[in-house]
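>>> okay, sequence plus prediction incoming.
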Amino acid sequence: TEILAEQHALSIQPYLDKIGRTLARLTGDMKRKEKDECYAAIAAHRVDFVIGTHALIQGGVKFARLGLVIVDEQHKFGVLQRAQLSKQGGGGAESASQLSAVAPAAPAAPVAPVAPDLLMMTATPIPRT
């Protein structure tokens, strides 16, 4: 929910401030202009962490370098929604180019994007049968 996303953002912000990292919040109740500004910041990698609701997997959200996805109440996400997050890709190509710049051995082959790490969690019992 929007309230939970806001609580998470408020609780993590002081820790990110201490290490010089930026945070954005994206929820469905935001005004269109706010969402568009957030979309642009995410796509340009001007934010390091994004906390939000289902709004993160809808519409025009394009992640520049998605490395970790943490989903709370994972049973509320369908298989297709989880797959959509995994397809957003990590920083595979950029990471490879940084490594080759440090230790150039041979011409680097193109590197496919790496799927982000995915942590699913819930406090709700989920039947396994």
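Perfect, I can see it now.
>>> what comes up buried for the helix of greatest length in the chain?
Ranked by residue count under DSSP state H, the longest helix found in the chain is helix 2-18. Residues of helix 2-18 classed as buried under the neighbour-count rule (16 or more other Cβ atoms under 10 Å) are 5-6, 8-9, 13. Using the backbone N, CA and C atoms, a C-beta is placed for each residue, glycine as well.
>>> what of stretch 16-31?
For stretch 16-31, a neighbour-count test (16+ other Cβ under 10 Å) marks 23-27, 30 as buried.
>>> which of the residues you listed lies closest to residue 64?
Distances from residue 64 to the buried residues of stretch 16-31, taken as Cβ to Cβ, are shortest for residue 24 (12.2 Å).
>>> any idea which element the nearest residue to the closest one once chain neighbours are set aside lies in?
Of all residues not flanking residue 24 in the chain, residue 47 sits nearest, at 4.2 Å (Cβ to Cβ, 6 or more residues apart in numbering). Using DSSP states H and E, residue 47 falls within no helix or strand.
>>> now do the contacts for residue 47.
Residues near residue 47 by Cβ atoms under 8 Å, 6 or more residues apart in numbering: 22-24, 41.
>>> also residue 40?
Counting by Cβ under 8 Å, 6+ apart, residue 40 touches residue 46.
>>> which one of the buried residues of helix 2-18 is nearest residue 56?
Using Cβ to Cβ, those come closest to residue 56 at residue 5, 9.3 Å.
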